[in-house]
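**Q** Predicted structure and sequence below. I'll ask about it afterward.
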Amino acid sequence: MKSEQPIGVVTGIKGPVVVAAIQQSDRDLMVNEVVYVGAERLIGETSSFAEEKATIQVYEDTSGLERGAPLYRTRELLSVQLGPGLLGSVYDGLQRPLERIAEKVGPYVRSGVRPGRLPKEAIWEFTAAVERGARVEGGTILGTIRENELIEHKVMVPPGTHGTIVNFAEKELYSVDDVVCTVSQGGREVGIKLTQSWPVRTARPYKRKLLPDRPLLTGQRILDTFFCAAKGGRTAVAGGFGTGKTVLQHQIARFADADIVVYVGCGERGNEIADLLERFPRLKDPRTGFSLMKRSVIVANTSNMPVAAREASIYTGATIAEYYRDMGYDVALLVDSTTRWAEALREISTGQGEMPGEEGYPPRMASRLAEFYERAGRVVTLGPGGEIGSLTIIASVSPTGGDFSEPVTQKTLQLVRCFWPLDPILAYKRQFPAVNVIQGFSGYVENVESFWHEKVGPSWSHVRQSALNLLAEKSELERIVRLLGMGALTEKEKLVLKDAELLEEAFLKQSAYSDVDAYCGPSKQARMIELIMFLHKTSLEAIEKGLLSKAIVSIPVREEIMELKLRPEEDVLGKYWNLQVKIEAQITRRVREYT
């Protein structure tokens, strides 16, 4: 309940941090309680108390705020409103709808402007799944709403609510403020609407976590084959300026086999977010043909927006993602980037006079990062049906100068099980995605092996490891070449360099702007890498028979393998056995001719 009477006055202002004197009767103010500051009622959140004073981080611009300004309490925690109408929306870190703000006051978010978070004018057709007298609990699905052509929205009993339905509204059309049913709980009646509220800093509950043993396929060959993410897993993308983090995030948003995508632009440049907002509605979902926004929610807090709201934005995105996870959907939460979030945390902490840690970041940064990443998981939901949903976190890190030894990257590496490091040297060579194969890792490979064995065959693990060994051997040989030159290499080592280059060009390098190559399915990936490694194995056998490497690298079939990534999947699968025969025949012919 919002207070109409001030509970105190502002006594100090330092950027987004405000200190207020609290009157005696309201000293029961909660930590993280939402308060309104000043005549414009700027949204703030209490962070600490000292005697009769409270420290507040304000989520809006404090320009013009004066000492002596009134403070109002709400007795509520910072929360988001969850319900139909979320999909296709663009919010700021406080879940204020930016499109409706633009219609109301123009392109800039003004202080004190608070349009409804969900469209109140929208009318939804509700199909009931339970009846009056039914016993329900948190997570029980009361009914469904067709939110759009792709997603069926499941109206759930809020966590913590349980009892018997004593009244069920007998109509089919509802707005978000309408009560769907009334539940008798502990001698009182609780009305349940189409929407529910949830505090953003508190993870939504579930019954239990499951092993993340289903791959989150992205259609990017280097990721799916070598450093696969898992549904319900934790993944970090790290790279300096210009290495392709944002483009890679966009590719994942478009092609990953997730039902729902929640994209958080946290502190990124305004032109990048503007480009995202222009591109997303025009992008077609490759699986359905509809606009990608039909299954997406965007939370945007650019670098010129209030710093405290930037800090809150990742929690807003995580809570929305958990809500759809609880319906049994596979959700991908993409955050770009946690470095900007940590910088916002540092700025707020400095304003509050806290003791700084490494590079000025507050000591609590590590625990806050851990709390965020722990919200990922593949879970059994609360409902009695025991549906399975997943929340996958893929967050980018933007270390200054590409230095992975800085605190945010190092703390992140301790928390994630999959790491995609982007290399500026590869980016300058126009090899995208510019993932460094030597530095990257995935702890989900063993978890998802059964999927690949069922999908493409039991040889997948061996072929994958052989390819990694080839790339690692190339890295060692390049050091020798830099010191001693190509003359120091044996014929076998020269072949290793050439075949590793073929692997990089024909398999690792992938164009985001090609209609065919932007996405590569698992079957096509497997057949491509199998052909490259079969060529390498057959060529090594020819070297053992005395054939020179230059005679092998000129065989025509190598060009055909190079062109496979530009061929549709059915063509690659159809040519697979024919190309194996060609490899053997052409190498055998060269052995006969030159040995």
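**A** Arrived safely, thanks for sending.
**Q** got the contact list for Tyr373?
**A** Neighbouring residues of Tyr373 by C-beta atoms under 8 Å, 6 or more residues apart in numbering: 234, 393, 395, 415-416. Yep, even glycine has a C-beta here, placed from its N, CA and C like the rest.
**Q** Can you flag which of those belong to strands?
**A** 234, 393, 395 (DSSP state E).
**Q** Pick the one among these closest to Ala102.
**A** Ala395 (27.5 Å; C-beta to C-beta).
**Q** okay, that closest one: pLDDT?
**A** The score at Ala395 is 97. That number is its pLDDT.
**Q** pLDDT wise, what is Ile348 at?
**A** Looking at Ile348, the pLDDT reads 89.
**Q** What number of residues are in the vicinity of the residue lying closest to it once chain neighbours are set aside?
**A** For Ile348, ignoring the flanking residues on the chain, the nearest one in space by C-beta to C-beta, 6 or more residues apart in numbering is Gln57 at 5.4 Å. A count of nearby residues for Gln57, using other C-beta atoms under 10 Å, gives 25.
**Q** And the least confident helix or strand in the chain by mean pLDDT, what does it pack against?
**A** Ranked by mean pLDDT, DSSP states H and E, the weakest helix or strand in the chain is helix 270-282, scoring a mean of 78. Helices and strands touching helix 270-282, by 3 or more C-beta pairs under 8 Å, 6 or more residues apart in numbering; DSSP states H and E, are helix 245-255, strand 260-266, strand 296-301.
**Q** Skip ahead from the last one and say which helix or strand is next.
**A** Right, strand 296-301. helix 307-325 (DSSP states H and E).
**Q** Centre of the chain to that next one, how far?
**A** 11 Å (C-alpha atoms, centre = their mean, to the nearest Å).
**Q** Equivalent analysis for stretch 232-243, please.
**A** Relative to the chain's own centre, stretch 232-243 is displaced by 10 Å; criterion: C-alpha atoms, centre = their mean.
**Q** What are the contacting residues of the strand or helix carrying the residue nearest to Ile348?
**A** Secondary structure from DSSP H and E places Gln57 in strand 53-58. For strand 53-58, the external contacting residues (C-beta under 8 Å, 6+ apart) are 8, 11, 16-22, 29, 35, 37, 42-49, 65, 71, 306, 308, 311, 348, 352.
**Q** In helices, which of those residues appear?
**A** Among the contacts of strand 53-58, DSSP state H puts 308, 311, 348 in helices.
**Q** Is it possible to mark the buried ones in those?
**A** Neighbour counting over the ones in helices among the contacts of strand 53-58 (16 or more other C-beta atoms under 10 Å) leaves 308, 311, 348 as the buried ones.
**Q** can you pull the contacts of the second one?
**A** The reference is to Glu311. Applying C-beta under 8 Å, 6+ apart to Glu311 gives the contacts 57, 93, 341, 344-345, 348.
**Q** hmm, 6 Å instead?
**A** Going by C-beta atoms under 6 Å, 6 or more residues apart in numbering, Glu311 touches 344-345.
**Q** do the first one as well
**A** If a contact means C-beta under 6 Å, 6+ apart, then Ala308 has 16, 57, 59 as its contacts.
**Q** Just the buried residues of the contacts of Tyr373.
**A** Buried, going by 16+ other C-beta under 10 Å: 234, 393, 395, 415-416, out of the contacts of Tyr373.
**Q** Give me the residue ranges of this structure where confidence is low.
**A** Applying pLDDT under 70 to the chain flags residues 1-3.
**Q** Okay, domains of it per the record?
**A** 8-77, 118-197, 208-451, 457-594 (automatic domain parsing).
**Q** so which of those domains gets nearest Leu98?
**A** Between those, domain 208-451 lies closest to Leu98; by C-beta to C-beta that is 6.5 Å.
**Q** And the closest one, end to end?
**A** As for domain 208-451, its first-to-last residue distance stands at 22 Å under the measure C-alpha to C-alpha, to the nearest Å.
**Q** One more: stretch 361-377?
**A** OK, stretch 361-377 end separation, C-alpha to C-alpha: 27 Å.
**Q** and that stretch, which residues are buried?
**A** Of all the residues in stretch 361-377, those buried under the rule 16+ other C-beta under 10 Å are 361-362, 365-366, 368-369, 371-373, 375-377.
**Q** How far does the one helix or strand Lys498 maps to sit from its chain's centre?
**A** Using DSSP H and E, Lys498 sits in helix 491-503. On the basis of C-alpha atoms, centre = their mean, helix 491-503 sits 36 Å off its chain's mean C-alpha point.
**Q** contacts for that helix?
**A** Against helix 491-503 from outside (C-beta under 6 Å, 6+ apart): 470-471, 473-474, 477, 532, 536, 539, 543, 548-549, 553.
**Q** now do 7 Å
**A** Surrounding helix 491-503, the residues in contact under the criterion C-beta atoms under 7 Å, 6 or more residues apart in numbering are 467, 470-471, 473-474, 477, 532, 536, 539-540, 543, 548-549, 552-553, 558, 561.
**Q** send the alpha carbons of stretch 171-185 over as PDB?
**A** The C-alpha coordinates for stretch 171-185 follow below in PDB (Å, rounded to 0.1, in the frame of the first residue of the first chain):
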ATOM      1  CA  LYS A 171     -17.000 -15.500 -18.800                       C
ATOM      2  CA  GLU A 172     -14.500 -16.000 -21.600                       C
ATOM      3  CA  LEU A 173     -13.100 -12.500 -22.100                       C
ATOM      4  CA  TYR A 174     -10.900 -10.800 -19.500                       C
ATOM      5  CA  SER A 175      -8.600  -7.800 -19.100                       C
ATOM      6  CA  VAL A 176      -5.500  -8.100 -16.900                       C
ATOM      7  CA  ASP A 177      -7.300  -6.500 -13.900                       C
ATOM      8  CA  ASP A 178     -10.200  -9.000 -13.900                       C
ATOM      9  CA  VAL A 179     -10.400 -11.600 -11.200                       C
ATOM     10  CA  VAL A 180     -10.500 -15.100 -12.800                       C
ATOM     11  CA  CYS A 181     -11.300 -17.100  -9.700                       C
ATOM     12  CA  THR A 182     -11.400 -16.900  -5.900                       C
ATOM     13  CA  VAL A 183      -9.500 -19.400  -3.700                       C
ATOM     14  CA  SER A 184     -10.400 -20.100   0.000                       C
ATOM     15  CA  GLN A 185      -7.100 -20.100   1.900                       C
END
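**Q** rewinding a little: adding distance to Gln439 as columns, could you present the contacts of Tyr373 in JSON lines?
**A** Output for the contacts of Tyr373, formatted as JSON lines (distance: C-beta to C-beta, whole Å):
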{"residue": "Arg234", "distance to Gln439": "17"}
{"residue": "Ile393", "distance to Gln439": "20"}
{"residue": "Ala395", "distance to Gln439": "17"}
{"residue": "Leu415", "distance to Gln439": "17"}
{"residue": "Val416", "distance to Gln439": "13"}
